[in-house]
Structure formats: structure tokens, C-alpha cells
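J.: with the sequence up front, the predicted model follows.
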Amino acid sequence: MAISKFWRAQRGKEEERISQQPVERARETWSARDVNAFDGPHLAIQTAYEQRYLRRSIEYIQRRLVHPRTRPALDIGAGYGRLSMVLAEYFSKSIAVEREQGLIDEAQKFWVDDVEFISVETLARLNYLDGTFALAFTCTVLSHMLDYDVPIVLREACRVARGGFVLLVEITEPGYLHGTYGVKKFTKGRTIDEYAAMMHPFELDFVRPRFMGGASGPVLGSFVMFRDPTLPPGSASINGLEWDLPRAPA
Ligand SMILES: C[S@@+](CC[C@H](N)C(=O)[O-])C[C@H]1O[C@@H](n2cnc3c(N)ncnc32)[C@H](O)[C@@H]1O
């Protein structure tokens, strides 16, 4: 109770500061066209790399999950499911939660069996029991959220993935800001240390650059994996998983 009062107070203060554009108005700003800043070949290449590194990430943690295929994975802020279908390859099910109905409608034109799309009012309260998921995942969702919302969403991610892992694919460059903070579709970088502090007691498991295939420079953001503190750290070097980045042309 005390915590939610605290966050309500923080929210009040922050809304005052950005009163020209409170977060509620940021709804209905995400359509399939702006799930990514790119389309055409850029989007295809970026997505191919993200899917590749998502597979590598899951393969790295899979060895440490007991019976990984008996628990589902959760894509939080899944958009139209660009990456949700990869989760279905490894876990009992892929559940994709999304606030924008338009994106779910878009998704349902394509992904038939692999992913269960669930329309949600907010990502701050996920309607699942503690420890439901082996993995909870976000890709460029927190980077678009206000400071006071991020720890709330992360607390929910840790709760529903208790005993498992949380993977954040987010902008982590310090000081990165695209657009105006708090106004519609802004993008804000938060450092890995900032995310690690918010993820406590989950522990940092590994960090890899988010290679973009040149769509927005070679790298923008990171894959940041956290594990429940009851799980052991990974034993093999992550380089053993052939994560080396492609080389820039000479
Ligand atoms: C850049 S898209 C990424 C979608 C998907 N994860 C992907 O990588 O294709 C950002 C997503 O975050 C969601 N989102 C942004 N701000 C949000 C907020 N304040 N509350 C809930 N969802 C939000 C949008 O609806 C959208 O699906």
C-alpha cells in the first residue's frame, strides 16, 4: 500500500512537470507503422538480427531452466508480434500482452497458432500469478515510458517471472533522447546500471549490444538479461554462443 501511495505521489509530481502531455494521451499513438522507426528492408534486417539474438539469449538461459517447455514466456508490449513468435519456439506457449487494440488486430491477421495475444489496459498490472512465466521480455517498450512507470512495470515483470528470467531489449545509451520526454512517442535511454538498480533482487546475467544491421547505426541499445537470484549464473562464456557482431565493411 505504502509503495503504491509513493508512486501515485511521484506520478502526480511528474505529471505536473509534463502537464502539456500526460501519459494517457500517449495512447493510440502506436500503429503498426510506428512500432519501428523504419520499414522495408531496414525493418526486415533489424528484425532478423533481433530474432537471431533473441534465440541466442534464450539458448543461453535455457540450460538453467528446469523443464523450460512446461512454462510459457511473456512478451510485454508486444506490438504486432514481430518477436513474440520466437518465444513460441522455446517455451510451452508465447503470450503477448499489448495495450493498443489496433496492433493486436494487425497481429491477428498473421500469427494464427503460435502466439496468444491479450489486450491489456496497462502494463503496470499483469493478470498472472507469481512465477507463471519462465521468461518475461520487453523490446523497446520501457524506452518509451515515463520514469515513474518503468519500475512499476519491471516489478510486475519480476513477479510474473519469479524463479525465471527477465530480458530487456532497450535503449541503454546514457543521455539518449529522441523526441520530447513525456510527449507522445519519445524514446529515452536508461543505462544498464539504472535498469539493474530497478530490477533488484533479480541479478544481471549478461549484456550484449543490440545490433541493428545498419538501420540506426550498427548498434542501438542492448540485450540485458536478468535472473531470479535463486538461479545459478551462466557457466559458459557467452562468446561461445557465436554472438560476435558482424564486422563493418573495411
Ligand atoms: C516500439 S513498439 C515495440 C513493439 C514490440 N515490442 C516490437 O519490438 O516490435 C513500443 C510498444 O510499447 C507500447 N507502449 C508504449 N508506451 C506504452 C505505455 N505507456 N503503456 C503501455 N504500452 C506502451 C506500444 O503500444 C508498443 O507496442
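T.: Received it, and whenever you're ready, just let me know what you need.
J.: number of residues surrounding the residue of the chain found nearest the ligand?
T.: The chain approaches the ligand most closely through residue 79 (2.8 Å), counting by CB to the nearest ligand atom. All C-beta spots, glycine's among them, are computed from the backbone N, C-alpha and C. A total of 24 residues lie near residue 79 under the criterion other CB atoms under 10 Å.
J.: go ahead and confirm it touches residue 30.
T.: Yes. Counting by CB atoms under 8 Å, residue 30 is a contact partner of residue 79 at 7.3 Å.
J.: show me whatever sits in contact with both of those two.
T.: residue 103 (CB atoms under 8 Å, 6 or more residues apart in numbering).
J.: hang on, the earlier thing: what's the neighbour count on the nearest residue to the residue of the chain closest to the ligand once chain neighbours are set aside?
T.: Spatial nearest neighbour of residue 79, chain neighbours left out: residue 35 (4.2 Å); criterion: CB to CB, 6 or more residues apart in numbering. Here the number of neighbours of residue 35 (other CB under 10 Å) works out to 21.
J.: dihedrals phi and psi, residue 138?
T.: When read as degrees, to the nearest 10, the backbone of residue 138 gives phi -130, psi 140.
J.: can you check residue 60 too?
T.: Reported as degrees, to the nearest 10, the phi and psi values for residue 60 are phi -70, psi -40.
J.: contacts only, for the residue nearest the centre of the chain.
T.: Per CA atoms, centre = their mean, the C-alpha nearest to the average position across the chain is that of residue 138, at 1.1 Å. Taking CB under 8 Å, 6+ apart, we find residue 138 in contact with 75, 76, 77, 153, 157, 167, 168, 169, 170.
J.: strands paired with the helix or strand where the first one lies, and their directions?
T.: Looking back up the chat, that one is residue 75. Per DSSP states H and E: residue 75 is located in strand 73-76. Take DSSP bridges as the rule and strand 73-76 pairs in its sheet with strand 94-98 (parallel), strand 135-139 (parallel).
J.: next SSE downstream of it?
T.: For strand 73-76, the following helix or strand on the C-terminal side (DSSP H and E) is helix 84-87.
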